[in-house]
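>>> any chance you can model this:
(2 chains)
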Amino acid sequence: MITIADIQKRIKSGETVRGIVEDALSKVEASADYNVLISVVREPALKRADQLDAKLKKGEDIGVLGGVPYVAKDIFLAHDTIATAGSNILKNFDSPYQATCVNRLEAAGAILIGKANNDAFGNGSSTENSDFGVTKNPYDKSRVAGGSSGGSTAAVALDIVPFSIGGDTGGSCRQPASYCGVLGLKPTYGRVSRYGVIAYTSSLDTVGTIANAADDAALVFGVIAGQDDRDSTTLQDKPASFMPADNPTKPLKIGIVKEHMRSDAVQPEVLAAVNLQAKKLKHAGHTVQEVSLPTLDVSLATYYIVAPAELSSNLMRYDGVKFGYSAKDAKTLEELYGLSRDQGFNAENKRRILIGTYVLSSGYIDAYYRKAQTVRTKLINEYAEVFKNYDVLIGPVAPTTAFKIGENSDPLQMYLQDLMTVGPSLAGLPAISVPSGFDNNKLPIGVQLVGAQRSDALLLSLAKQLEDSK
Amino acid sequence: MTKITVDDVRKAAALAKIAVTDAEAEKLATELHSILGYVRQLDAVDTTGLEPTYQVTGLTNVTRADELIDYGTNREDLLKNAPRERDGQIEVPKVL
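Numbering: from 1, shown residues only, chains lettered A, B, ... in the order given. Model prediction:
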């Protein structure tokens, strides 16, 4: 397990940034079997490393993440890189500008070395829906890394980089983090700018941080978080610090989410892991009690209306005209649209686009889309009520540990993977997947902590406390 | 719930501008029926007196000063991804 501090120590002791980057790039090659990256950013990374080495030589500061290599999910636009979003429709899309997150990481000295694999447009929970092949689980190659940000989490689990960034719409950082045994933070909605991030579901999309340690996640999150004029949904305020050391956890009231602890729906070892973490929290002086949020039972149904609806609108821009794949055999403009989209999107993209189109269509919009957005209000109210009496909620990240590649071939069965992660997404809450031991097959288990909006720092502190009490 | 037919799929596909093949439409009808059947469990949820939520952090109408900002993105950068380009314009099949 490598951390940001490890890299910084190596640089301090005289290793060049170029050496660090070359080392990371050689690890990419060594783990080619896992299919972690869609593209490697070799030359720009080495060029950037040389610039930082020159700065170091002059005794200049290289930033809080100076010389630290990282990977970004392939939904992030970055100079001199292709951004595919995991889809053939953007196979050759040459980033015309750069995401705010990437700009901020660059300014802090971090070095982008690769674009990580993901389910096309975030449509999936295993990277099996990537048009560039599945990412294999670092703990068992016959299993999935999870998704949609499976490449980003596998890159950290395989020690290629100490951190990565991903996207989390309905669990896309938390679930793969859980499957790969790393930490995955989904921030409060609007905490991190989405400028230059390819959209899936605009009312849910967030930028997630993945790392091996809570301190590292906090450091990176502190760099990328904050208001951005280019994303009007960003929150205006920014807390002073997300670092756990600056936010000591006083005794908290923690609720175990009853709806997510049913033995018929969750693998026994996962339940045991949640109970063990709850016990540790009790020992640390926190109060732990069972809480109930009945509307969580229908959160998945709500999500699978809202997300496809917004997806169908967002993906309308891929028309074979302005950018992306364009059908060669089209004679009319209508044909160009129809064929480009049919040939460019994969089966899961089309499934979700059609569900979205259906639930938004005249005659059905009230029964499906408006109903779902109203149930969303009910869920938000329930969370608000619970957070009057509790500081943090605890529960599983996913019903099981990593499943076998090909095991969940039925689309609806795959959607059930998101059962525990979509609730916080619908309410815009921060949530974190904390590595919490292993099951009998030696596969990692993640436990999810959920807080009220803007409690990202608190969750990181609690994650750190659990890390320390191992 | 009434059955989702191949016709329903074709109608949605036309709205979504996706030229699905016959084989795709058949398969999608079955899949959509199963997924839409699952999400209809919301029918049983009492939402009396509640309004829909479209934005979760309470931000409304975020505006900025109406002035030109240079984002450093030029015409060439934006056109380099266009499938067909002529004279600095994007080319499409004739519509008239």
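
>>> quick one: least confident helix or strand in chain B?
helix B:75-79 (a mean of 89; mean pLDDT, DSSP states H and E).

>>> the helix or strand that that helix is followed by pairs with which strands, parallel or anti?
Using DSSP states H and E, the helix or strand that follows helix B:75-79 in sequence is strand B:85-86. Counting by DSSP bridges, the strands paired with strand B:85-86 are strand B:89-90 (antiparallel).

>>> I'd like the average pLDDT over the strand it pairs with.
Averaged over strand B:89-90, pLDDT sits at 94.

>>> so what touches that strand?
A:321-322, B:79, B:82, B:84 (C-beta atoms under 8 Å, 6 or more residues apart in numbering or on different chains). Bear in mind the C-beta positions are built from the backbone N, C-alpha and C, glycine included.

>>> show me where chain B has helices.
Secondary structure of chain B (DSSP state H): helices located at B:6-15, B:22-39, B:75-79.

>>> in CSV: those helices, plus distance to A:Thr249.
Below are the helices of chain B laid out as CSV (distance: least, C-beta to C-beta, whole Å):
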stretch, distance to A:Thr249
helix B:6-15, 49
helix B:22-39, 38
helix B:75-79, 46
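
>>> do you know which of these lies nearest A:Gln277?
Of all the helices of chain B, helix B:22-39 sits nearest to A:Gln277, with 30.7 Å by C-beta to C-beta.

>>> tell me which residues in that closest one are buried?
Judged by neighbour count (16 or more other C-beta atoms under 10 Å in any protein chain shown), helix B:22-39 contains these buried residues: B:24-25, B:27-29, B:31-33, B:35-36, B:38-39.

>>> C-terminal to the helix or strand harbouring A:Arg143, what's the next element?
Applying DSSP H and E as the criterion places A:Arg143 in strand A:140-144. Using DSSP H and E, the helix or strand that follows strand A:140-144 in sequence is helix A:150-157.

>>> that next one: what's the following helix or strand?
strand A:163-168.

>>> now do the helix or strand just after that following strand: which elements does it pack against?
Sequence-wise, the next helix or strand downstream of strand A:163-168 (DSSP H and E) is helix A:174-180. Other elements packing on helix A:174-180 under the criterion 3 or more C-beta pairs under 8 Å, 6 or more residues apart in numbering or on different chains; DSSP states H and E are helix A:150-157, strand A:183-186, strand A:431-438, strand A:444-451.

>>> leaving out sequence neighbours, find the closest residue to A:Asp61.
Of all residues not flanking A:Asp61 in the chain, A:Lys55 sits nearest, at 7.7 Å (C-beta to C-beta, 6 or more residues apart in numbering or on different chains).

>>> what about the one helix or strand the one you found maps to, average pLDDT?
Here A:Lys55 sits within helix A:42-57, counting by DSSP H and E. Helix A:42-57 carries an average pLDDT of 98.

>>> export it to PDB, keeping only CA atoms.
Taking C-alpha atoms only, helix A:42-57 is exported to PDB below (Å, rounded to 0.1, in the frame of the first residue of the first chain):
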ATOM      1  CA  ARG A  42       3.300   8.900 -20.800                       C
ATOM      2  CA  GLU A  43       5.000  11.900 -22.600                       C
ATOM      3  CA  PRO A  44       3.000  14.700 -21.000                       C
ATOM      4  CA  ALA A  45       3.600  13.100 -17.600                       C
ATOM      5  CA  LEU A  46       7.300  12.800 -18.100                       C
ATOM      6  CA  LYS A  47       7.500  16.400 -19.400                       C
ATOM      7  CA  ARG A  48       5.700  17.600 -16.300                       C
ATOM      8  CA  ALA A  49       8.000  15.500 -14.100                       C
ATOM      9  CA  ASP A  50      11.000  17.200 -15.700                       C
ATOM     10  CA  GLN A  51       9.500  20.700 -15.100                       C
ATOM     11  CA  LEU A  52       9.000  19.800 -11.400                       C
ATOM     12  CA  ASP A  53      12.600  18.400 -11.200                       C
ATOM     13  CA  ALA A  54      13.900  21.700 -12.500                       C
ATOM     14  CA  LYS A  55      11.900  23.600  -9.900                       C
ATOM     15  CA  LEU A  56      13.300  21.300  -7.200                       C
ATOM     16  CA  LYS A  57      16.800  21.900  -8.400                       C
END
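
>>> which residues sit against that helix?
Here helix A:42-57 makes contact (C-beta under 8 Å, 6+ apart) with A:11, A:16-18, A:20-22, A:25, A:61-62, A:66-67, A:69, A:79-81, A:106, A:109, A:111-113.

>>> beyond that helix, next helix or strand please.
strand A:69-73.

>>> neighbours of A:Glu106, just the number please.
Residues lying near A:Glu106 (other C-beta atoms under 10 Å in any protein chain shown) number 18.

>>> got it, and B:Leu15?
16.

>>> next one: A:Lys27
Close neighbours of A:Lys27, defined as other C-beta under 10 Å, add up to 18.

>>> test my guess that it contacts A:Pro162.
No - between A:Lys27 and A:Pro162 there is no contact under C-beta atoms under 8 Å: 11.5 Å.

>>> which one is the residue in the stretch 151-300 of chain A that chain B sits nearest to nearest to, not counting chain neighbours?
As assessed by C-beta to the nearest C-beta, chain B sits closest to A:Ser232 within the stretch 151-300 of chain A, at 4.0 Å. Distances taken as C-beta to C-beta, 6+ apart place B:Val62 nearest to A:Ser232, at 4.0 Å, with adjacent residues excluded.

>>> which residue lies farthest from the center of chain A?
For chain A, the residue at maximal distance from the C-alpha centroid (C-alpha atoms, centre = their mean) is A:Lys331, at 40.2 Å.

>>> roughly how far apart are it and B:Ala13?
19 Å (C-beta to C-beta, to the nearest Å).

>>> about what we covered before: which one of the helices and strands packed on helix A:174-180 is the most hemmed in?
Mean neighbour count (mean count of other C-beta atoms under 10 Å in any protein chain shown) peaks for helix A:150-157 among these, with a mean of 35.

>>> how big is the angle separating that one from strand A:69-73?
160 degrees (axes from the mean of the first three to the mean of the last three C-alpha atoms, to 10 degrees).

>>> can you name every helix or strand that helix A:150-157 contacts?
strand A:37-40, strand A:69-73, strand A:111-116, strand A:163-168, helix A:174-180, strand A:206-211.

>>> so does the first one get close to chain B?
Going back to what we said before, that points to strand A:37-40. No - Strand A:37-40 stays clear of chain B (C-beta under 8 Å from any C-beta of the partner chain), getting no nearer than 15.7 Å.

>>> what's the neighbour count on residue 49?
Picked chain A for this. Count around A:Ala49 with other C-beta under 10 Å applied: 22.

>>> that answer is for a different chain, and I need it for chain B
Neighbour number of B:Gly49 under other C-beta under 10 Å is 7.

>>> now do the contacts for it.
Applying C-beta under 8 Å, 6+ apart, no residues qualify as near B:Gly49.

>>> and it, how far is that from A:Thr374?
10 Å.

>>> A:Val144 too?
Using C-beta to C-beta, we find A:Val144 at a distance of 34 Å from A:Thr374.

>>> so between the two, which is more surrounded?
Neighbour tally, A:Val144 and A:Thr374, criterion other C-beta under 10 Å: the higher count belongs to A:Val144, 29 against 21.

>>> just the pLDDT at the closest residue to the more buried one other than its chain neighbours, thanks.
Once flanking residues are discounted, A:Val144 sits nearest to A:Ser126: 4.0 Å by C-beta to C-beta, 6+ apart. Listed pLDDT for A:Ser126 reads 97.

>>> wait, isn't A:Ser126 in contact with A:Met414?
Yes - A:Ser126 lies in contact with A:Met414 (C-beta under 8 Å); the separation is 7.0 Å.

>>> got the confidence number for residue 70?
Assuming you mean chain A. 98.

>>> I was after chain B.
87.

>>> same thing with A:Lys470?
pLDDT at A:Lys470 comes out at 67.
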